[in-house]
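Participant: Have a look; sequence and predicted model below, questions after that.
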There are 2 protein chains.
Amino acid sequence: MRIVLDAMGSDTHPGPEVAAALQAAATWGDPILLAGPEEVLQPMLRAAGAAPGSVRVIHAPEVLEMTDKPADAARGKARSSMAVGMELLKTGEADAFVTAGNTGGAMANALFRVGRIRGVKRPALTGTFPVRNGQAILLDIGANADVRPEFLVQFAIFGSLYAETVLGRPMPRVGLLSNGEESGKGNELVKEAYPLLANAGLNFVGNIEPKEFYAGKADVVVTDGFTGNVLLKTSEAVASFLISMIREQIKSGLTTSVGGLLAKPAFKRVGAILDPGEYGAAPLLGIDGLVFVGHGRSDARALVSAIRVARQAVAGGLLPAMRQEIRRRLTSGIAEDVE
Amino acid sequence: MRIVLDAMGSDTHPGPEVAAALQAAATWGDPILLAGPEEVLQPMLRAAGAAPGSVRVIHAPEVLEMTDKPADAARGKARSSMAVGMELLKTGEADAFVTAGNTGGAMANALFRVGRIRGVKRPALTGTFPVRNGQAILLDIGANADVRPEFLVQFAIFGSLYAETVLGRPMPRVGLLSNGEESGKGNELVKEAYPLLANAGLNFVGNIEPKEFYAGKADVVVTDGFTGNVLLKTSEAVASFLISMIREQIKSGLTTSVGGLLAKPAFKRVGAILDPGEYGAAPLLGIDGLVFVGHGRSDARALVSAIRVARQAVAGGLLPAMRQEIRRRLTSGIAEDVE
């Protein structure tokens, strides 16, 4: 299996990427393709005592900056690590691309260099969330701030296939994020999408409120990228606010401080459940290649976890399954034609 | 000051309402008007040994059910406690109305019986959230699933006046909920609303992400009622999920259980900070009367807290301030004309 890793993606690149590449190669035995500037990466690999052939550097002299506009960067910086990595997907020289770089840059490069699966209207950034008794998928979490109802049907198809092939869920339950459980609830988008989803031949379980989402009432929940992003960032903000409040209140007295010390292993286990690094990276589903975008703050462990998820998607045949399902729906007339 | 309390609003009505009415009357010395069926309420008040004149029952024989459609209920059930309470606002016999009943029913009754302040396009349900170092206001949290950009400008005006008169914040900082801090970020609604807010003569601080909202970077944040509702419910869901995980992990071992017991006072203090009952009820701002909607699960303490907030709004002159500000903007041409 050939995974290409963007060496220049994370906030503290390329240290975490080099470490992750070495660890992944050692863990799974397949060489990792590492895209980035040769003159920077080769000395680091030598210094780390990399086994010959375990990590293959793909030279990419340009670096995308956070200040680069995504579309300009995609077109202008043809030799960035992001662009070079995507090209390997396009030519079939790699099976999946993993980056902890800018999401907008990854989206622009993916659209420009790899393109959509034929019949796909919009790709969706797909998040994996810790929920009661496991994990659930939410999409879109930020690629498309404005969507049309029929996009949500495609997101539901992507998410279902992802839940099947990567999370191993047969017949995934698909929900529609709303502000009420009843079928008439929601904004215009939700009200229009509801009947489309109900008739899409999916295991549609209706509207899902955030409470039901976190209760694990659906495997896949679809929403527009604006609301999905707000749900994701609200979750992070509330968890961090709550944990900092608990820490402050525990430290404010001697007895509670002792209690906090004794209870520390419990907090650590909760932290591990919530750690975004545990859930790999967010795939850009709908692109005609497997692209995974990790958090900018990813460390080596989070990047290895992202590579693990990318490998599961390759092994599960996610991309051919997506191509086949979209084609089947196009020809059977269930989905609309190519835009 | 004349506060009318809906006796039949909360999930376990009218027990919490009767207790709250007695407690509020005792606390502030003003009689509470309690709207509901006389034959139910009078015996309860007698049994509780209510001081004569402390609670005045306003007979309302009909009860709104959760299954009643809001608009039908507003028009059809003219003698429900919700309708009778609203009528007292309309006729000027009460200064504020507090209910823990159905939000949709309160909105429909408020629009039908009290109406909007002249010049107001849409009323907004206004939430008070615990944030780092205090409280912040978010609106709309559920009255309008779909809004136009100019509605958000009015929401910002409502929220600013509320933050000034009820929270005592001079020159409240107003933010626009978005999926990125930069001014070009957001969905179409946000991008169109941004320049309107920047030129509305408010203390506009730009786009606010959920993280900044919880960090207390704005006093008032505006959004559509769908996204605001998702933010509210995600916050509740994540807090509850996190707390239940911490509890389970603490109880899973002996040492951590002992630690949890010692740290209990710290958890209690955090619980008090997060308790929605502490923040009173959500006002329906834009209605030509002060209407506060509490949680259906409100107990007597939460209802007393709602009455306290309603009293602050009356004492702070929120309604005349809203009327005056909307009129000033209408005549100066800052706001658009009456629809």
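Facilitator: Received, thanks.
Participant: CA only for contacts and neighbour counts going forward, please
Facilitator: Will do.
Participant: Kindly check the end-to-end length of stretch A:281-293 for me.
Facilitator: End-to-end distance for stretch A:281-293, by C-alpha to C-alpha, to the nearest Å: 5 Å.
Participant: what kind of secondary structure is the residue in chain A positioned nearest to chain B in?
Facilitator: Across chain A, no residue is closer to chain B than A:Gly259, which sits at 3.6 Å (C-alpha to the nearest C-alpha). Using DSSP: H, G, I helix; E, B strand; the rest coil, the three-state assignment for A:Gly259 comes out as helix.
Participant: number of nearby residues for it?
Facilitator: Close neighbours of A:Gly259, defined as other C-alpha atoms under 10 Å in any protein chain shown, add up to 24.
Participant: The lowest-mean-pLDDT helix or strand in chain A: what's the following helix or strand?
Facilitator: Lowest by mean pLDDT, DSSP states H and E among the helices and strands of chain A is helix A:70-76, with a mean of 71. Toward the C-terminus, helix A:70-76 is succeeded by helix A:81-90 as the next helix or strand (DSSP states H and E).
Participant: Low-confidence stretches in chain A?
Facilitator: A:66, A:73, A:276-277, A:333-339 (pLDDT under 70).
Participant: Outline the domain layout of it.
Facilitator: Per the record's domain assignment (automatic domain parsing), chain A is made up of the domains A:1-120+A:286-318+A:327-339, A:129-276.
Participant: And the helices in the stretch 51-200 of chain A, which stretches?
Facilitator: Along the stretch 51-200 of chain A, the stretches classed as helices by DSSP state H, counting those that start in this stretch are A:70-76, A:81-90, A:103-109, A:149-165, A:188-198.
Participant: Just name the most buried of those.
Facilitator: Compared across these, helix A:81-90 shows the largest average neighbour count, a mean of 26 (mean count of other C-alpha atoms under 10 Å in any protein chain shown).
Participant: what helices or strands is it leaning on?
Facilitator: In terms of contacts (3 or more C-alpha pairs under 8 Å, 6 or more residues apart in numbering or on different chains; DSSP states H and E), helix A:81-90 is packed against strand A:3-6, strand A:32-36, strand A:96-99, helix A:103-109.
Participant: The third one pairs with which strands, parallel or anti?
Facilitator: Okay, so that is strand A:96-99. As defined by DSSP bridges, the strand partners of strand A:96-99 come to strand A:3-6 (parallel), strand A:290-293 (parallel).
Participant: So which residues of the stretch 201-339 of chain A form helices?
Facilitator: Counting by DSSP H, counting those that start in this stretch, the helices of the stretch 201-339 of chain A are A:210-214, A:225-251, A:254-262, A:264-274, A:300-315, A:318-332.
Participant: closest one to A:Glu164 among those helices?
Facilitator: helix A:318-332 (8.8 Å; C-alpha to C-alpha).
Participant: which of the residues in that closest one are buried?
Facilitator: Burial within helix A:318-332, assessed by neighbour count using 16 or more other C-alpha atoms under 10 Å in any protein chain shown, is assigned to A:Leu318, A:Leu319, A:Met322, A:Arg323, A:Ile326, A:Arg327, A:Leu330.
Participant: and that helix, what other elements does it pack with?
Facilitator: Using 3+ C-alpha pairs under 8 Å, 6+ apart, the elements in contact with helix A:318-332 are helix A:149-165.
Participant: Can you check what angle separates the helix it packs on from helix A:188-198?
Facilitator: Angle between the axes of helix A:149-165 and helix A:188-198 is 50 degrees (criterion: axes from the mean of the first three to the mean of the last three C-alpha atoms, to 10 degrees).
Participant: Burial check on A:Ala272, number of neighbours?
Facilitator: For A:Ala272, the count of nearby residues is 12 (other C-alpha under 10 Å).
Participant: Over to A:Gly115?
Facilitator: Using other C-alpha under 10 Å, A:Gly115 is surrounded by 19 other residues.
Participant: Kindly report the same for A:Gly53.
Facilitator: Counted with other C-alpha under 10 Å, the burial measure for A:Gly53 works out to 12 neighbours.
Participant: Please apply the same query to A:Gly294.
Facilitator: By the criterion of other C-alpha under 10 Å, A:Gly294 has 28 neighbours.
Participant: Could you do the one 4 residues further on as well?
Facilitator: Around A:Ser298 sit 26 other residues, with neighbours defined as other C-alpha under 10 Å.
Participant: Tell me the spacing between the residue lying closest to A:Asp95 once chain neighbours are set aside and A:Ala136.
Facilitator: If you skip the residues right next to it in sequence, A:Asp95 has A:Arg2 as its closest partner in space, 5.3 Å away by C-alpha to C-alpha, 6 or more residues apart in numbering or on different chains. Computed with C-alpha to C-alpha, the distance linking A:Arg2 and A:Ala136 is 27 Å.
Participant: Those two: which is more packed in?
Facilitator: Neighbours per residue, other C-alpha under 10 Å: of A:Arg2 and A:Ala136, the larger number sits with A:Ala136, 25 against 18.
Participant: what about the longest strand in chain A?
Facilitator: When chain A is parsed with DSSP state E, its longest strand is strand A:124-131.
Participant: Would you tell me which of the helices of the stretch 201-339 of chain A gets closest to B:Phe292?
Facilitator: Taking C-alpha to C-alpha as the measure, these were each checked against B:Phe292, and helix A:210-214 came out nearest at 23.8 Å.
Participant: Just the C-alpha atoms of the longest strand of chain A, please, in CSV.
Facilitator: Below are the C-alpha coordinates for strand A:124-131, written out as CSV (Å, rounded to 0.1, in the frame of the first residue of the first chain):
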residue,chain,number,x,y,z
ALA,A,124,-17.4,17.0,1.8
LEU,A,125,-15.0,17.2,4.7
THR,A,126,-15.9,14.3,7.0
GLY,A,127,-15.4,14.3,10.7
THR,A,128,-15.3,11.3,13.1
PHE,A,129,-16.6,12.2,16.5
PRO,A,130,-16.5,10.3,19.8
VAL,A,131,-20.1,9.6,20.9
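Participant: what does it rub up against?
Facilitator: Strand A:124-131 has contacts (C-alpha atoms under 8 Å, 6 or more residues apart in numbering or on different chains) with A:135-144, A:155, A:159, A:213-216, A:225, A:273-274, A:279, A:281-286, B:241.
Participant: Repeat the analysis, applying 6 Å as the threshold.
Facilitator: Outside of strand A:124-131, the residues that reach it under the criterion C-alpha atoms under 6 Å, 6 or more residues apart in numbering or on different chains are A:135-141, A:143, A:214, A:216, A:282-285.
Participant: Would you mind putting those into TSV with distance to A:Val314 alongside?
Facilitator: Below are the contacts of strand A:124-131 laid out as TSV (distance: C-alpha to C-alpha, whole Å):
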residue	distance to A:Val314
A:Gln135	20
A:Ala136	20
A:Ile137	18
A:Leu138	20
A:Leu139	20
A:Asp140	21
A:Ile141	22
A:Ala143	22
A:Tyr214	28
A:Gly216	26
A:Ala282	14
A:Pro283	12
A:Leu284	14
A:Leu285	13
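Participant: Now distance to chain B too, for those residues, in a markdown table please.
Facilitator: Putting these into a markdown table (distance: C-alpha to the nearest C-alpha, whole Å) gives the following:
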| residue | distance to chain B |
| --- | --- |
| A:Gln135 | 13 |
| A:Ala136 | 14 |
| A:Ile137 | 15 |
| A:Leu138 | 13 |
| A:Leu139 | 15 |
| A:Asp140 | 12 |
| A:Ile141 | 10 |
| A:Ala143 | 11 |
| A:Tyr214 | 6 |
| A:Gly216 | 11 |
| A:Ala282 | 17 |
| A:Pro283 | 19 |
| A:Leu284 | 18 |
| A:Leu285 | 20 |
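Participant: If anything else comes up later, I'll come back, but that's it for now.
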